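Visitor: Here's a sequence, model it:
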Amino acid sequence: MYRSSPQNVQRSLSTVTLIQMGIRVTVVVLAVTLLSYCHIVKTLEDQTSDKLSKYIVERAQKESIIFQLAESSQRNLKAVFLQSWQHSKDSANQQFTRYFTLGGDGEVRTHQRWFDGDFNAEGLITDSISGFVSPRAPIEDPDFRSRLVLSFLMLERYGASYRNQFANLYLHMPENVNLVYWPGFPWGLEAKTDLDMTREEWMTIAFQENNPGRDTRWTGLYFDPTARNWMVSCETPVDWQGRHLVTIGHDILLQELFERVFNDRIEGAYNFILRKDGRVIAHPDKRAELDAAKGELNVRDLDDPELLSIYQTLLLNHEQGEASSHIFTHALSDAFIAHAMIDGPDWFFVTVYPKALLVDSARSTAEFILAVSLFSLVVELLMLYLVLRRQVIKPLSHFVSVSDRIAEGDFSSGQDTLPVRRRDEIGLMARTFQAMTHKVANYHRDLETSVEERTHQLKTITAQLQQANTELEQLTYTDALTQTANKRRFDESIHQEWNRAARNETPLGLIMLDIDYFKRYNDTYGHVQGDECLRKLAAAVMQWANRSGELVARVGGEEFAVLLPNVSMEDLHQAGEHILQTVRSLNIEHKDSPIADHVTVSLGLAICIPGPAQSPKELIKAADDALYRAKHQGRNRAAE
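Guide: Next up, the predicted model:
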């Protein structure tokens, strides 16, 4: 019997040929690919650096316009006020009663008609002006009254001129006084008598002890609940002979700036803004942290070493006078960092351009090189095929035939056609193949048994994964604390019900609910008890929204929304009254509430039949406005 052994192979023609061809093709492909890749990467880096440098300078200049305009306008207004003061400081107080009236608690406010709209002495309409003067201010002082009157006249004359550029125009005084031109917001008429503005940043940055240079200053980022918008304030003190007369201020709404920062960007890159002291102004990945910190978020307080490193490099470049270079490479984020200063508040406008974006362009070149190389390889293999066809390929056809039979489960037929008597690699392969066939037959039988067992296990695991996915999807739509729907579920549901109501021409009702004085409740009883209060209240409200399509969702800290499809206004009022009574019946103690000894809620009711030119935002706004009216009317009630 012939015994197979590696020593029977006298020479391996296929091995020699394949090694020679493989080395030749590999060297050529690697050399061409490496040289081309290095060249294209260097070219792309140079082009990207130039493009980013131009882009960041243009963006910073564009975003600086509104801030430069604020500083410029306030310089002009300062000059006008000083001229008016020199001319009228002794006589302006005579007009005091025309513009101001004494309140019931000793405070002074502007007349209501100057906000609603009335004609001034020149026959021109004056509106949107309101003012508040603290009871502690020296209201009987003629000099003080002259400052008040001249401040009012400044707003009357110039307020409307800046309406398209800024949210408002106001003048405040260190005696706890503020006069403001602000269309739609009667701030000075609604300010509480005990309001103390002298601790607010927008007032304190103009005090002489905080601003000895008496220059224009910018506040940090903050969220204004009146305007419901993020903003910064520009403040310019006005002094006369070393005495602080007034401060001229503008509020700059930042929502549009944020939208441009987040959305108007180079594809694949992202933008953010930092202040010199490390305060985060806008960052696409830090919105939640900014909201939680109420705008007072510093990169040093974040667990983000990458952002901190970028800030430290920006600061170092700025201090060393290298800010004009605009571009540096950041190793930690593996990106190009483009930066420029926004004039006015002196913010860093930053664009992060990952180097990984260069890979796409480099890849196209590499793919071209690879295609050429593959073509060369095909040519080489064709030549090799012609050489090996007679010596290798034809005998291998016998192996293919036998392999096909084995694949069909036939482990016995065809064995006699294998070239087991040849003394080269083919003969060795035939003998090895023959021995292997017997082992495969045994393994085949064992494998069939194993596959059956594994199939059963796979079905079990698949069922478990499907159950887990279902539970996970449920969690993404549920508020973890109250087990009501979350904001995401609410947004989807109101759009679905809105579209359904529009198709069916049926009404859609919405109740916005806010817990009265809930911050005081947390301060008095602690956040743990506050969370328990939220859970109890949510459970109570949910019992009045159990029909198909009805939904209770937590949309804010202590704010809930109740969505009621296909209801009448009477039904909506009844639902609101049920909710009020249910909450009262919980009798949750709230000793720090000024309106009741237990927890109460305020409701805003809104209902509409959706039309083609409307959107769910209008219904939400109507409910929010109604909620505001309920609070304004004394809370613990519903309003529509």
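
Visitor: could you list every residue that touches the residue lying closest to Leu315 once chain neighbours are set aside?
Guide: Residue nearest to Leu315 in three dimensions, not counting chain neighbours: Lys276, with 7.2 Å by CB to CB, 6 or more residues apart in numbering. Glycine gets a C-beta too; all of them are placed from N, C-alpha and C. Residues in contact with Lys276 (CB atoms under 8 Å, 6 or more residues apart in numbering) are 315, 318, 346-348.

Visitor: Lowest mean pLDDT among the helices and strands, pick that one out for this protein.
Guide: Within the chain, no helix or strand scores below helix 394-407, which has a mean of 65 by mean pLDDT, DSSP states H and E.

Visitor: so how far is Asn317 from the residue nearest to Leu315?
Guide: Going from Lys276 to Asn317 by CB to CB, to the nearest Å gives 12 Å.

Visitor: Secondary structure of Phe207: a helix, I assume?
Guide: No - the assignment for Phe207, made by DSSP: H, G, I helix; E, B strand; the rest coil, is coil rather than a helix.

Visitor: Mean confidence (pLDDT) on the host helix or strand of Asn178, please.
Guide: Using DSSP states H and E, Asn178 falls within strand 177-181. For strand 177-181, mean pLDDT rounds to 97.

Visitor: Ok, stretch 450-465 next?
Guide: Here stretch 450-465 scores 75 as its mean pLDDT.

Visitor: what about dumping the CA coordinates of stretch 120-132 to PDB?
Guide: C-alpha atoms of stretch 120-132 as PDB (Å, rounded to 0.1, in the frame of the first residue of the first chain):
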ATOM      1  CA  ASN A 120     -47.000 112.800  23.600                       C
ATOM      2  CA  ALA A 121     -46.600 116.600  23.700                       C
ATOM      3  CA  GLU A 122     -45.300 116.600  20.100                       C
ATOM      4  CA  GLY A 123     -48.400 114.700  18.800                       C
ATOM      5  CA  LEU A 124     -46.500 111.400  18.300                       C
ATOM      6  CA  ILE A 125     -47.600 108.100  19.600                       C
ATOM      7  CA  THR A 126     -45.600 106.700  22.600                       C
ATOM      8  CA  ASP A 127     -46.000 103.100  23.700                       C
ATOM      9  CA  SER A 128     -44.300 100.000  25.100                       C
ATOM     10  CA  ILE A 129     -42.600 102.000  27.900                       C
ATOM     11  CA  SER A 130     -42.800 100.800  31.500                       C
ATOM     12  CA  GLY A 131     -40.800 101.700  34.500                       C
ATOM     13  CA  PHE A 132     -40.300 100.800  38.200                       C
END
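
Visitor: gap between that stretch and the chain center?
Guide: 40 Å (CA atoms, centre = their mean, to the nearest Å).

Visitor: Residues in contact with stretch 121-133: which ones?
Guide: 100, 107-110, 114-120, 139, 148, 151-152, 155-156, 159-160, 175-191, 195.

Visitor: among the residues you listed, which are in strands?
Guide: 100, 108-110, 118-119, 177-181 (DSSP state E).

Visitor: need these in JSON lines with neighbour count, can you?
Guide: Listed next are the ones in strands among the contacts of stretch 121-133 as JSON lines, based on neighbours: other CB atoms under 10 Å:
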{"residue": "Phe100", "neighbour count": "21"}
{"residue": "Val108", "neighbour count": "20"}
{"residue": "Arg109", "neighbour count": "22"}
{"residue": "Thr110", "neighbour count": "23"}
{"residue": "Asp118", "neighbour count": "12"}
{"residue": "Phe119", "neighbour count": "10"}
{"residue": "Val177", "neighbour count": "24"}
{"residue": "Asn178", "neighbour count": "24"}
{"residue": "Leu179", "neighbour count": "29"}
{"residue": "Val180", "neighbour count": "27"}
{"residue": "Tyr181", "neighbour count": "30"}
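
Visitor: Please indicate which of the contacts of stretch 121-133 are buried?
Guide: If you count burial by 16 or more other CB atoms under 10 Å, the buried members of these come out as 100, 107-110, 114-115, 139, 148, 151-152, 155-156, 159-160, 175-182, 185-189, 191.

Visitor: part of a helix, is Leu171?
Guide: No - counting by three-state DSSP, Leu171 is located in no helix; its state is strand.

Visitor: Count the neighbours of Leu564 for me.
Guide: 24 (other CB atoms under 10 Å).

Visitor: Tell me the bridge partners for it.
Guide: Gly509 (DSSP bridges).

Visitor: I'd assumed Val541 was in contact with it.
Guide: No - using CB atoms under 8 Å, Leu564 is not in contact with Val541, being 11.7 Å away.

Visitor: Contact partners for Asn271?
Guide: 59, 261-262, 264-265, 282, 284, 349-352.

Visitor: pretty sure it belongs to a helix, no?
Guide: No - per three-state DSSP, Asn271 lies outside any helix segment and is strand.

Visitor: what are the bridge partners for it, then?
Guide: Thr351.

Visitor: How much space separates it from Lys42?
Guide: Between Asn271 and Lys42 the distance is 26 Å, computed by CB to CB.

Visitor: what's the angle between the longest helix along the chain and strand 169-173?
Guide: Looking across the chain with DSSP state H, the single longest helix is helix 13-88. Here helix 13-88 runs at an angle of 60 degrees relative to strand 169-173 (axes from the mean of the first three to the mean of the last three CA atoms, to 10 degrees).

Visitor: quick one, domains of the protein?
Guide: Using automatic domain parsing, the domain ranges for the chain come out as 89-253, 256-355, 487-639.

Visitor: Identify whichever of these lies nearest to Ile66.
Guide: Closest of those to Ile66 is domain 89-253, at 6.1 Å (criterion: CB to CB).

Visitor: For Leu290, which non-adjacent residue is closest in space?
Guide: Spatial nearest neighbour of Leu290, chain neighbours left out: Leu297 (5.2 Å); criterion: CB to CB, 6+ apart.

Visitor: what's the distance between the one you found and Tyr311?
Guide: 12 Å.

Visitor: ranges for the helices of the stretch 401-550 of the chain?
Guide: 425-475, 487-504, 518-525, 527-542 (DSSP state H, counting those that start in this stretch).

Visitor: following the last one, which helix or strand comes up?
Guide: So that's helix 527-542. strand 551-554.

Visitor: name the helices or strands packed onto that following strand?
Guide: Judged by 3 or more CB pairs under 8 Å, 6 or more residues apart in numbering; DSSP states H and E, strand 551-554 is in contact with helix 487-504, helix 527-542, strand 559-565.

Visitor: from these, which stretch is densest packed?
Guide: Comparing the helices and strands packed on strand 551-554 by mean neighbour count (mean count of other CB atoms under 10 Å), strand 559-565 ranks first with a mean of 23.

Visitor: Pro610: neighbour count?
Guide: 22.

Visitor: Show the model's pLDDT score for the closest residue to it other than its chain neighbours.
Guide: Counting by CB to CB, 6+ apart, Pro610 lies nearest to Ala502, which is 4.0 Å off, once chain neighbours are set aside. pLDDT, Ala502: 94.

Visitor: With Leu44 as the reference, measure out to Ala356.
Guide: 12 Å.

Visitor: pretty sure Cys533 contacts Tyr521?
Guide: Yes - counting by CB under 8 Å, Tyr521 is a contact partner of Cys533 at 6.5 Å.

Visitor: who touches both of those two?
Guide: In contact with both Cys533 and Tyr521: 515, 599, using CB under 8 Å, 6+ apart.

Visitor: still on that earlier bit, and the domains of the chain: which comes nearest Thr432?
Guide: Closest of the domains of the chain to Thr432 is domain 256-355, at 49.8 Å (criterion: CB to CB).

Visitor: tell me the contacts of Asp264?
Guide: Per CB under 8 Å, 6+ apart, neighbours of Asp264: Asn271.

Visitor: On the three-state scheme, Asp251 is what?
Guide: Recorded secondary structure, Asp251: strand (three-state DSSP).

Visitor: can you count the residues close to it?
Guide: Neighbour count of Asp251, defined by other CB under 10 Å: 24.

Visitor: Please name the bridge partners of it.
Guide: In this entry, Asp251 is beta-bridged to Ser233, by DSSP bridges.
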